[in-house]
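K.L.:
how does the following fold in three dimensions:
(one chain, ligands or ions: 1)
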Amino acid sequence: MTAMLSIDGLWKSFAGFVATRDVTFELLAGETHAVIGPNGAGKTTFFNLITGHLRPDKGSVSFEGRDLVGLPPQKIVRLGIARSFQRINIYPRLTVFENVQVALIAHEGQQWNLFRPGRSLHRQGTQELLELVGLASEAEETAGELSYGKQKQLELAIALASQPRLLLLDEPTAGMSPQETGETIASVRDIVKARGLTLLFTEHDMSVVFGIAERISVLHHGEIIASGTPDAVRNDPEVKRVYLGE
Ligand code: ADP
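P.N.:
Residues are numbered from 1 along each chain as shown. Prediction:
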């Protein structure tokens, strides 16, 4: 498999504190890859460096052969990388349908600022995305009134509206009940397969990580200390020592 995302010698400091230390990383096209590590290990910073929300001090990030460093986040989305955040990022007062519709409109570069969009705009595309994430029957509900798990599913539909090839999910099951976690993971797995997506995600729930990741990279104090198949990572002596607490 070829590398979809290649990262070489990436560094990022905040006021002298090194959050990303010489990270070199390859994401293969079509794989499901987890980035794990304790709180403060640098996972969110790593995602922010990929998506243009932060600029590295040093190093390169290349997506499908194109250098991303210095590009703004909107431009990176347009190149095919979508992301969901830990914090819920929806329009709570719009309906579920309108949230996805607006995301499709924004992706097309159309304006909707002052008025709610006409119902027919992107109707089919909106419905397809709602079906994909299992929210078709909640289309007319107010987004802010959905359960937490369903709001996260809505976020996923919004992320997919930009038609990404690479999806970045930051703790997709954080704050979810065990049942919501199970449903979310099953849904993410189906969507990744249905759309042929490459998935890079962070996750604190190890049963989720070892359940769906084909490869895992472990961050510790901003450095990647291991990268490989779940079995290889699980048995890596350094990972056991610093992370799994053995
Ligand atoms: P993780 O996502 O693994 O919990 P983060 O990437 O959020 O880790 O944070 C890594 C380290 O960088 C932490 O020590 C955090 O306090 C620090 N950090 C992250 N963002 C900033 C920032 N904007 N300014 C200062 N320090 C930051």
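K.L.:
for Leu169, helix, strand, or coil?
P.N.:
strand (DSSP: H, G, I helix; E, B strand; the rest coil).
K.L.:
and it, how far from the ligand?
P.N.:
13 Å (Cβ to the nearest ligand atom, to the nearest Å). From N, CA and C alone the C-beta is placed, and that goes for glycine too.
K.L.:
so who does Gln163 touch?
P.N.:
Gln163 makes contacts with Gly80, His107, as judged by Cβ atoms under 8 Å, 6 or more residues apart in numbering.
K.L.:
what separates it from Val208, distance-wise?
P.N.:
Separation of Gln163 from Val208 (Cβ to Cβ, to the nearest Å): 25 Å.
K.L.:
and this protein, what are its domains?
P.N.:
1-80+164-246, 89-163 (automatic domain parsing).
K.L.:
least reliable of these by average pLDDT, please.
P.N.:
In terms of average pLDDT, domain 89-163 trails the rest of those, at a mean of 87.
K.L.:
counting neighbours, what do you get for the residue lying closest to Glu141 once chain neighbours are set aside?
P.N.:
Distances taken as Cβ to Cβ, 6 or more residues apart in numbering place Val96 nearest to Glu141, at 5.4 Å, with adjacent residues excluded. Other residues within reach of Val96, judged by other Cβ atoms under 10 Å, total 27.
K.L.:
residues contacting Val96?
P.N.:
When contacts are counted by Cβ under 8 Å, 6+ apart, Val96 touches Leu130, Leu135, Glu138, Ala139, Glu140, Glu141, Thr142, Ala143, Leu146, Leu154.
K.L.:
please redo it, this time with the cut-off set to 6 Å
P.N.:
By Cβ atoms under 6 Å, 6 or more residues apart in numbering, the contact set of Val96 is Leu135, Glu138, Ala139, Glu141, Ala143, Leu154.
K.L.:
could I have the CA atoms of stretch 180-196 written out in CSV?
P.N.:
Output of stretch 180-196 as CSV, limited to C-alpha atoms (Å, rounded to 0.1, in the frame of the first residue of the first chain):
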residue,chain,number,x,y,z
GLU,A,180,-23.5,4.5,22.4
THR,A,181,-19.8,3.5,22.1
GLY,A,182,-20.7,0.2,20.5
GLU,A,183,-23.1,1.8,18.1
THR,A,184,-20.8,4.6,17.1
ILE,A,185,-17.9,2.2,16.4
ALA,A,186,-20.0,-0.1,14.4
SER,A,187,-21.3,2.9,12.4
VAL,A,188,-17.8,4.4,11.9
ARG,A,189,-16.5,1.0,10.7
ASP,A,190,-19.4,0.6,8.2
ILE,A,191,-19.0,4.2,6.9
VAL,A,192,-15.3,3.8,6.4
LYS,A,193,-15.9,0.6,4.5
ALA,A,194,-18.8,2.0,2.4
ARG,A,195,-16.9,5.1,1.4
GLY,A,196,-13.5,3.5,1.1
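K.L.:
done for today, thanks.
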